[in-house]
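Peer 1: below are the sequence and a predicted model; questions follow.
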Amino acid sequence: VQTPTLIYTDLQDGQVICDLYQEEDIPLSLSIDDFKNVAEQVKSYSKDFNLPATKRNNQIFNDIFEVTRSVGISSVIFNPYVKTKCVLKEDGFILFEGYLRLIDVKDKEGEISYNVNLYSEVIALADKLKDQTFSDLSFTELEHEYNKTEIKRSWNDAGASITYTNSGTSGFRDTYTTLRYPFIDWTGNIDITTNTSTVSGPTPHNPELTALEQAFRPCIQLKYLINRIFEASDFSWTSNFFDSADFEKLYMDFNWGNVGTGVVDGYIFAS
């Protein structure tokens with residue numbers, strides 16, 4: 001039996017140290033989420049191994065193999081149906097943090113041992129975001145006046161840019177690329193006429209807008225949204241695709257539907 005170099009007084013918060021067999025190996029399988037499937041939970045774990053039924057380990061596991069055992073008030077109370085946090089260390093360095101699972105108790109010719117394994121509790125990005133919507137993110141740093149000047153500035157890659165009402169707080173707002181105002185026939189009612197009569201009306205073959213929001217509503221850069229989503233989820237990403245020049249050219253609208261245009265007194269408000 002390998003006796004731990006640490007003692008109980010080295011630990012806090014109710015932690016205890018398990019005795020190991022001298023030659024016991026603990027093979028670990030460490031998994032890294034490569035983001036191919038955001039809903040997939042990839043766990044790290046160890047193969048099962050045995051802990052000897054020493055006085056220390058019996059105290060930790062409350063002699064769980066003894067049918068007639070009694071539990072004192074001061075004893076460590078181990079419940080196999082409750083997650084038990086654990087840390088695997090070697091020479092003081094943490095090799096693994098997760099949970100310990102008691103698989104069974106072995107009795108080999110009267111020698112009792114506890115068969116256990118270690119596993120991590122991985123939270124997938126999909127679990128973190130499943131109840132979240134864009135309304136949970138604050139886009140106040142994108143608020144600006146809604147007028148012809150700001151719309152035309154959104155088309156620039158240099159020179160004059162959109163004048164935002166609030167300072168940037170996320171660190172992801174770009175001067176030129178975060179918002180664009182492309183020309184889109186949102187209502188399907190933009191008047192393009194071939195009428196050449198003298199009756200007052202739009203110039204032939206040119207659209208006439210009765211309101212700016214008929215054709216110009218803000219579209220937001222997808223990369224900006226990706227960065228804001230990950231910022232709020234405590235995850236991070238590394239991706240050649242997200243960093244590519246082509247992806248940086250992708251935008252989405254705010255999909256107002258029947259809610260309205262988000263224009264109030266000449267301002268674009270985002271929440």
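Peer 2: Everything's here; your move.

Peer 1: only C-alpha atoms from now on, for both contacts and neighbour counts.
Peer 2: Will do.

Peer 1: for the helix or strand hosting residue 97, packing partners?
Peer 2: Following DSSP states H and E, the helix or strand that holds residue 97 is strand 93-108. Packing partners of strand 93-108 (3 or more CA pairs under 8 Å, 6 or more residues apart in numbering; DSSP states H and E): strand 84-90, strand 111-119.

Peer 1: tell me which of those strands sits most buried.
Peer 2: strand 111-119 (a mean of 19; mean count of other CA atoms under 10 Å).

Peer 1: need the residues that contact it.
Peer 2: By CA atoms under 8 Å, 6 or more residues apart in numbering, the list of residues contacting strand 111-119 from outside reads 43-53, 86, 98-107.

Peer 1: mind checking the pLDDT average for it?
Peer 2: Strand 111-119 comes out with an average pLDDT of 91.

Peer 1: check stretch 246-254 too.
Peer 2: Mean predicted confidence for stretch 246-254 is 93.

Peer 1: residues touching that stretch, excluding its own?
Peer 2: 217-223, 241-242.

Peer 1: if we go to 10 Å?
Peer 2: 134, 177-182, 217-225, 240-242, 261-262, 270 (CA atoms under 10 Å, 6 or more residues apart in numbering).

Peer 1: just the buried ones out of those, please.
Peer 2: 177-182, 217-225, 261-262, 270 (16 or more other CA atoms under 10 Å).

Peer 1: quick one: which of those sit in helices?
Peer 2: 222-225 (DSSP state H).

Peer 1: would you convert the residues you listed into a markdown table that also reports pLDDT and distance to residue 146?
Peer 2: Shown next, in a markdown table, are these (pLDDT from 0 to 100; distance: CA to CA, whole Å):
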| residue | pLDDT | distance to residue 146 |
| --- | --- | --- |
| 222 | 96 | 21 |
| 223 | 96 | 23 |
| 224 | 96 | 21 |
| 225 | 94 | 21 |
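
Peer 1: what's the closest of the residues you listed to residue 231?
Peer 2: Lowest distance from residue 231 to these (CA to CA) belongs to residue 225, with 9.7 Å.

Peer 1: circling back: drop anything exposed from the contacts of strand 111-119.
Peer 2: Taking 16+ other CA under 10 Å as the criterion, what is buried in the contacts of strand 111-119 is 43-46, 48-53, 86, 98-102, 105-106.

Peer 1: centre-most residue in the protein?
Peer 2: residue 233 (3.6 Å; CA atoms, centre = their mean).

Peer 1: thought residue 128 was touching that one, still the case?
Peer 2: Yes - using CA atoms under 10 Å, residue 233 is in contact with residue 128, at 6.6 Å.

Peer 1: ok, and for stretch 163-182, which residues are buried?
Peer 2: For stretch 163-182, by 16+ other CA under 10 Å, it's 163-164, 173, 175-182.

Peer 1: so which of these is the closest to residue 59?
Peer 2: Among the buried residues of stretch 163-182, and counting by CA to CA, the member closest to residue 59 is residue 173, at 56.7 Å.

Peer 1: who's in contact with the closest residue to that closest one other than its chain neighbours?
Peer 2: Counting by CA to CA, 6 or more residues apart in numbering, residue 173 lies nearest to residue 224, which is 7.0 Å off, once chain neighbours are set aside. Counting by CA under 10 Å, 6+ apart, residue 224 touches 170-174, 177-179, 248, 251.

Peer 1: picking up where we left off before, so how far is residue 105 from the residue nearest to the centre of the chain?
Peer 2: 40 Å (CA to CA, to the nearest Å).

Peer 1: can you list the low-confidence ranges for the stretch 1-150 of the chain?
Peer 2: 1-14, 30-43, 65-77, 122-124, 127 (pLDDT under 70).

Peer 1: show me where the stretch 151-271 of the chain has its strands.
Peer 2: 179-180, 191-192, 207-208, 219-221, 251-253, 263-264, 267-268 (DSSP state E, counting those that start in this stretch).

Peer 1: how about the helices in the stretch 101-250 of the chain?
Peer 2: 125-129, 148-153, 222-233 (DSSP state H, counting those that start in this stretch).
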